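Participant: Pasted the sequence and its predicted model underneath.
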Amino acid sequence: MKKISQKIFLKWMISVLIGIITTGCSAEIKPRKEALEVIKKIETDGSERSKFMKFSRKPPASWFWSHDIDPAHIHDVMMPGMHLVRLSVYGNDKRRRFASISYAEESEIKSIYLQDIAVTDLDDNIARTGARPISITGNKIKDQLRFSLALHKDPGPKTTVYTDLNEAGLNQLISPQHRISDFTVYIVDGTPKYAAIVEERPGPSIVRARVSAAELEVHLRDNNLTPIRVRGFSEGGIRYFTAVAERIDVADWHWYDNLDSDTLAQKLDANNAYPFDLDTYRTEDDVHAVRFTVIMYSNHN
């Protein structure tokens, strides 16, 4: 797989720190009984299996990831020939920064983004773009919750954004005709809340909320599930994870948490993988430290 060198991108963006990664991760989910029953039916029905597996991922032709992006310079990662597939915000107020993933693929996609949108303004702002959301991230600015999104203008499936969900509400988004394509977790009065993007295409997604890393890993591997998104949060000094998984073909995958940027790059290289999902956060004991949760898929078809 062709990798784009960091030196080339540094010529394009002075304010953005670019890292190039290929990683492997693993994660686990304890899926809902209904979703597992749908998957079992797919495995025994040839026609259903064919329809389900058409969403298998192929490695992008090239890719890059960036972090330490100043909120005023997100446009710097909108590179010619690349499309934005993931934004992740971390830090608060003056220490707010973004991380991103971009791909080059054989498709006509125009990428745009919305930044720091209040929840009451989300629907109107999305409608005005004429594009479909594919990534969502959120945090507070002066104690006010704001969301940022990556969107694509392409013939992809219809998407809908949901906010202010608890764990039960996130699970209720699952159906045989809908998949959760992205979600973010944020804390309201000490309680985890979720915002999610749902696509209208054959499912199901599998959701497992508030589990340990070990629990997540075991269940994914035991049930032959592939992680699509993993989000972490801390409660009482303990780190928990909520994940979305699917039954898709990506050859091999891995997931990691609590990586610094150098270790993340090393993991990608060691696993000959590309970053499929990236979430970024600052640690509670060191607000200057940046850590990554990442899902990596194999570069091999």
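Facilitator: Thanks, I have it.

Participant: Could you list the low-pLDDT ranges of the stretch 151-300 of the chain?
Facilitator: Low-confidence segments of the stretch 151-300 of the chain, defined by pLDDT under 70, are located at 287.

Participant: I meant to write the stretch 1-150 of the chain there.
Facilitator: Along the stretch 1-150 of the chain, the parts satisfying pLDDT under 70 run over 1-56.

Participant: where along it do the helices fall?
Facilitator: 6-12, 33-44, 46-53, 122-129 (DSSP state H, counting those that start in this stretch).

Participant: Give the buried residues for stretch 259-267.
Facilitator: 259, 261, 264-265, 267 (16 or more other C-beta atoms under 10 Å). C-beta coordinates here come from the backbone N, C-alpha and C atoms, glycine included.

Participant: Then stretch 138-153?
Facilitator: Within stretch 138-153, the residues that count as buried by 16+ other C-beta under 10 Å are 138-139, 145-152.

Participant: Where strands are concerned, which of these count?
Facilitator: The strands, defined by DSSP state E, take in 138-139, 145-152 from the buried residues of stretch 138-153.

Participant: Between those residues, which sits nearest Glu235?
Facilitator: The closest of those to Glu235 turns out to be Asn139 (C-beta to C-beta; 17.2 Å).

Participant: who touches that closest one in this structure?
Facilitator: The neighbourhood of Asn139, defined by C-beta atoms under 8 Å, 6 or more residues apart in numbering, consists of 89-92, 96, 145-146, 186.

Participant: Among the residues you listed, name the buried ones.
Facilitator: Buried among these (16+ other C-beta under 10 Å): 89-91, 96, 145-146, 186.

Participant: Turn the contacts of Asn139 into JSON lines, columns for distance to Lys110.
Facilitator: Putting those into JSON lines (distance: C-beta to C-beta, whole Å) gives the following:
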{"residue": "Val89", "distance to Lys110": "22"}
{"residue": "Tyr90", "distance to Lys110": "26"}
{"residue": "Gly91", "distance to Lys110": "29"}
{"residue": "Asn92", "distance to Lys110": "31"}
{"residue": "Arg96", "distance to Lys110": "26"}
{"residue": "Leu145", "distance to Lys110": "28"}
{"residue": "Arg146", "distance to Lys110": "24"}
{"residue": "Tyr186", "distance to Lys110": "28"}
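
Participant: Next one: Leu84 from Leu268, what distance?
Facilitator: Taking C-beta to C-beta, to the nearest Å as the measure, Leu84 and Leu268 are separated by 19 Å.

Participant: that older thread, columns distance to Ala131 on top of the ones in strands among the buried residues of stretch 138-153, output as a markdown table?
Facilitator: As requested, these are arranged in a markdown table below (distance: C-beta to C-beta, whole Å):
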| residue | distance to Ala131 |
| --- | --- |
| Gly138 | 19 |
| Asn139 | 22 |
| Leu145 | 22 |
| Arg146 | 19 |
| Phe147 | 15 |
| Ser148 | 14 |
| Leu149 | 9 |
| Ala150 | 9 |
| Leu151 | 4 |
| His152 | 6 |
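
Participant: And those residues, which two are furthest apart?
Facilitator: Within those, Leu145 and His152 form the most distant pair, 24.1 Å apart (C-beta to C-beta).
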